[in-house]
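Colleague: Have a look; sequence and predicted model below, questions after that.
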Amino acid sequence: MNPLKRFTLIGIIFVLGTGSLAHFVYDWSLQNFIIGFFFPVSESTWEHMKLIFFPMLLYALFLYSRLKEDYPCLASALPAGILSGTFLIPVLFYTYSGILGKNYMALDITTFVIAVLVAFIRTYCLTLSCRGVPFLIPLWTAVIITLVCFLLFTYLPPDLGLFVSPVPG
């Protein structure tokens, strides 16, 4: 198995595991203010996007440090994967809950798993194809803007549905 494939599979497991545990860290920390910037502070869809964003960003830094010499296109593929997975969460959540009229925990978990798989498959494919290279700076700029938005909107969320906790199904 080539190193990219091996590290992709490890990354999927890492993000699924850490993202799942991240759901509880804010409460485990006794609602520590600083911890809240990186872990969900509510049940809103926006806060749940952190479950993939921060673990994948952390893994991306590790992965890049390990494979940058052998896979130069990884630099542009990683932010594309991070953004794809992160923003797929609200797309899938609002699609299924809009169709069904409510949300279900099992489908919320499935949404997370699908988003992680799509993020890593996208990263893998773009690393091999190098199609993301012309977009390196805009992709990393979008990751940085998303990071700033997570930090800003954690405690100062806009008055939009994305930032409101959904009513359980």
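Modeller: Arrived safely, thanks for sending.
Colleague: mind listing the helices for this protein?
Modeller: In the chain, the helices defined using DSSP state H lie at 3-28, 33-36, 45-48, 50-67, 74-100, 105-129, 136-155.
Colleague: now for those, which one comes closest to residue 165?
Modeller: Minimum separation from residue 165 across those (CB to CB) falls at helix 45-48, 8.3 Å. Glycine gets a C-beta too; all of them are placed from N, C-alpha and C.
Colleague: neighbouring contacts of the closest one?
Modeller: 23, 40-41, 89-90, 93-94, 108, 112, 153-154, 157, 162-163, 166 (CB atoms under 8 Å, 6 or more residues apart in numbering).
Colleague: just checking, which of the helices of the chain sits deepest inside the structure?
Modeller: Greatest average neighbour count among these goes to helix 45-48 (a mean of 23), per mean count of other CB atoms under 10 Å.
Colleague: Off-centre distance for that one?
Modeller: 10 Å (CA atoms, centre = their mean, to the nearest Å).
Colleague: now it: mean pLDDT?
Modeller: Average pLDDT, helix 45-48: 96.
Colleague: wait, residue 75 sits on residue 67?
Modeller: No. Residue 75 is not in contact with residue 67 according to CB atoms under 8 Å; the separation is 10.1 Å.
Colleague: low-scoring stretches of this structure, by residue?
Modeller: Where the chain drops to pLDDT under 70, the residues are 167-169.
Colleague: in it, what residue sits furthest out from the centroid?
Modeller: residue 1 (25.6 Å; CA atoms, centre = their mean).
Colleague: what separates that residue from residue 72, distance-wise?
Modeller: 20 Å (CB to CB, to the nearest Å).
Colleague: same question, residue 157
Modeller: To residue 72, residue 157 is 38 Å away according to CB to CB.
Colleague: Repeat that for residue 112.
Modeller: On the measure of CB to CB, residue 112 and residue 72 end up 30 Å apart.
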